[in-house]
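Chemist: This is a predicted model, with the sequence first.
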Amino acid sequence: MDKFVVRGGNRLTGDIFVSGAKNAAVAIIPAVILSDEPCVLENVPQISDVTISLKILHEMGAQVEMIDKTTFRIDASKIRSYSVPYEMARKMRASYYFLGACLGKFRKAMVPLPGGCPLGDRPINQHTKAFMALGAKYNLINGVVHVESDNLYGSQIYLDVVSVGATMNAILASVKAQGLTIIENAAKEPHIVDLANFLNSMGADIMGAGTDVIKVRGVNYLHGTTYSIIPDQIEAGTYMVAAAATGGDVVIHDVIPKHLESITAKLRRVGVNVEEFDDSVRVWVDKDKPLVKTSIKTMPHPGFPTDMQPQMATLLTLAQGTSIVTEDIWDNRFRYVEELRRMGADISVQGKVAVIEGIGKLKGAPVKACDLRAGAALIIAGLAANGVTEIEDIYHIERGYEDMDKKLRGIGADIEKRYFPGESVAKSC
């Protein structure tokens, strides 16, 4: 079994570079199916979720050519299959984007219920509601979602809850539907804007992405394009918190500072210095200025992102005073707390609220990554802790962070990926 072994105590300093956004890439790659010509995607992150998405396209009949480390040429114009392989779909949550893309292109789609991080009940009823509003029929047969329609017609779609996935799937399914589709109560995350921009670059007619009302006027043909995926705001935020937790001084490059505003605001509240530039941010901590408590509540964009909650909670274990963290998106996002307790953290959880008593310093311990962002939080904890931290189940981390250990070593971290023979991977925390 592979583990990350972290020896804490090193102050992170220097420059680190952010990869393309995971949450944008896993939607844009399936969206290539809608194109009637080849596309070139740039700034594609090298993470396992992207690898699986590209393999799914290849298995469906697309030609996928790697031009360089972060650039792929994809010709999906010859795809005739609308079925996603079962084992691949089960490995990641974002496989459901193939539903909207295949429905939009072929008027049919067959995708197994997706896998991904175990963050609680994550039904796809809002996705299927959008499909049915466009005229599709929906069935669940032996764990496989079937959607199909003789034709798709523009419609008014109101999402009962703000859902990133349902908003993206509604866009994918409606971009080639006849007439005008209006998506209300839409999510506003940067990766939704990126998906819309990608589709518009191929000739789609999408307006309002980034607001709560998105209008999609269907088109008959989408041409090829060359498109660069936006930087990953969560990867950037993770390195910002890592710099703060180690009392470091780090410049994080290839970012869009506006996408980081909610993270930057909370870091400043706890006493961290953040300076913004055109495409980078500098994060540092004054040696004589202790970190202080704050309260955090996760919310849809532009609120504080749920994907940064575990990392910030880890930082707050090092701050003075009592901090309150409220998770308002997922039910099971505090599963990592038990692992932080192994490192000495004083955290109590009641429902969706965690109370964190700052202890100033953590201690190295063997821990387990419960999910993608929990794993990132444990790396931060290990970097700030006294002693050695061994993190298992790191496949979760590699789903969303490209070369995280290598990048951190470049700014002074003592972290290595090691193989431990004879140890089996545990299934859950």
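Modeler: Looks like it came in fine. From a predicted model like this one, the values you see are computed outputs, not experimental measurements.

Chemist: At which residues are the strands of the stretch 151-300 of the chain located?
Modeler: Residue ranges of the strands in the stretch 151-300 of the chain, as given by DSSP state E, counting those that start in this stretch, are 156-158, 180-184, 205-207, 213-217, 226-228, 249-253, 273-276, 280-284, 295-297.

Chemist: What residues of the third one count as buried?
Modeler: Residues of strand 205-207 classed as buried by neighbour count (16 or more other Cβ atoms under 10 Å): residue 206. The way it works is simple: take the backbone N, C-alpha and C, and place the C-beta from them, glycine included.

Chemist: What is that strand packed up against?
Modeler: helix 190-201, strand 213-217 (3 or more Cβ pairs under 8 Å, 6 or more residues apart in numbering; DSSP states H and E).

Chemist: Report the rounded mean pLDDT for the last one.
Modeler: Summarised as a single mean, pLDDT over strand 213-217 is 98.

Chemist: circling back: the helices and strands packed on strand 205-207 into JSON lines, with extra columns for distance to residue 422 and mean neighbour count?
Modeler: Formatted as JSON lines, these follow (distance: least, Cβ to Cβ, whole Å; neighbours: other Cβ atoms under 10 Å):
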{"stretch": "helix 190-201", "distance to residue 422": "40", "mean neighbour count": "22"}
{"stretch": "strand 213-217", "distance to residue 422": "52", "mean neighbour count": "19"}
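
Chemist: circling back: for the strands of the stretch 151-300 of the chain, which one sits closest to residue 165?
Modeler: Closest to residue 165 of the strands of the stretch 151-300 of the chain is strand 180-184 (Cβ to Cβ; 12.7 Å).

Chemist: Residue 137: how many residues sit nearby?
Modeler: Residue 137 sits with 12 neighbouring residues when counted by other Cβ atoms under 10 Å.

Chemist: just for the stretch 1-150 of the chain, where's the confidence low?
Modeler: 115-122 (pLDDT under 70).

Chemist: For it, just list every one of the strands.
Modeler: 2-7, 13-17, 39-42, 63-68, 71-75, 108-112, 137-141, 144-148.

Chemist: thinking again about what came up before, of all the helices and strands packed on strand 205-207, which one is nearest residue 264?
Modeler: Of all the helices and strands packed on strand 205-207, helix 190-201 comes closest under Cβ to Cβ, at 14.4 Å.

Chemist: now what about the closest one, what contacts it?
Modeler: Applying Cβ atoms under 8 Å, 6 or more residues apart in numbering, the contact partners of helix 190-201 are 21, 23-24, 27-28, 31, 34, 164, 167-168, 171-172, 175, 186, 204, 206, 209-210, 214, 222, 225, 227, 229-230, 233, 256, 259, 301.

Chemist: Quick check: mean pLDDT of that helix?
Modeler: 98.

Chemist: Return the distance of it from the chain's centre.
Modeler: Taking Cα atoms, centre = their mean, to the nearest Å, one finds the center of helix 190-201 at 16 Å from the center of the full chain.

Chemist: Restricting to C-alpha, output it in PDB.
Modeler: What follows is helix 190-201 as a C-alpha-only set of coordinates in PDB (Å, rounded to 0.1, in the frame of the first residue of the first chain):
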ATOM      1  CA  PRO A 190     -16.100  29.200 -11.300                       C
ATOM      2  CA  HIS A 191     -16.000  25.800 -12.900                       C
ATOM      3  CA  ILE A 192     -19.600  26.300 -14.100                       C
ATOM      4  CA  VAL A 193     -18.500  29.500 -15.900                       C
ATOM      5  CA  ASP A 194     -15.500  27.600 -17.300                       C
ATOM      6  CA  LEU A 195     -17.800  24.800 -18.700                       C
ATOM      7  CA  ALA A 196     -20.000  27.500 -20.300                       C
ATOM      8  CA  ASN A 197     -17.000  29.400 -21.700                       C
ATOM      9  CA  PHE A 198     -15.700  26.100 -23.300                       C
ATOM     10  CA  LEU A 199     -19.000  25.300 -24.900                       C
ATOM     11  CA  ASN A 200     -19.500  28.900 -26.100                       C
ATOM     12  CA  SER A 201     -16.000  28.700 -27.700                       C
END
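
Chemist: does the closest residue to residue 261 other than its chain neighbours sit in a helix, a strand or a coil?
Modeler: Leaving aside its sequence neighbours, residue 261 sits nearest to residue 302 (Cβ to Cβ, 6 or more residues apart in numbering; 6.9 Å). Put simply, residue 302 is coil when judged by DSSP: H, G, I helix; E, B strand; the rest coil.

Chemist: How about the contacts made by residue 302?
Modeler: So residue 302 contacts 188, 261, 262 (Cβ under 8 Å, 6+ apart).

Chemist: Now do stretch 145-162: distance to the chain's middle.
Modeler: Remark: stretch 145-162 is offset 24 Å from the chain centroid, using Cα atoms, centre = their mean.

Chemist: So which residues of the stretch 251-400 of the chain form helices?
Modeler: Taking DSSP state H, counting those that start in this stretch, the helices of the stretch 251-400 of the chain run over residues 261-269, 309-316, 337-342, 372-384, 395-398.

Chemist: right, so of these, which gets closest to residue 78?
Modeler: Here helix 395-398 is closest among the helices of the stretch 251-400 of the chain (Cβ to Cβ), at 31.0 Å.

Chemist: name the helices or strands packed onto the closest one?
Modeler: helix 372-384.

Chemist: and the helix it packs on, C-alpha only, in CSV?
Modeler: Output in CSV follows, covering the C-alpha atoms of helix 372-384 (Å, rounded to 0.1, in the frame of the first residue of the first chain):
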residue,chain,number,x,y,z
LEU,A,372,-10.0,13.8,-1.1
ARG,A,373,-10.1,17.0,0.9
ALA,A,374,-9.7,15.2,4.2
GLY,A,375,-6.5,13.7,2.8
ALA,A,376,-5.2,17.2,1.9
ALA,A,377,-6.1,18.4,5.5
LEU,A,378,-4.1,15.5,7.0
ILE,A,379,-1.1,16.4,4.9
ILE,A,380,-1.3,20.0,6.2
ALA,A,381,-1.6,18.6,9.7
GLY,A,382,1.5,16.5,9.2
LEU,A,383,3.5,19.4,7.9
ALA,A,384,2.6,21.4,11.0
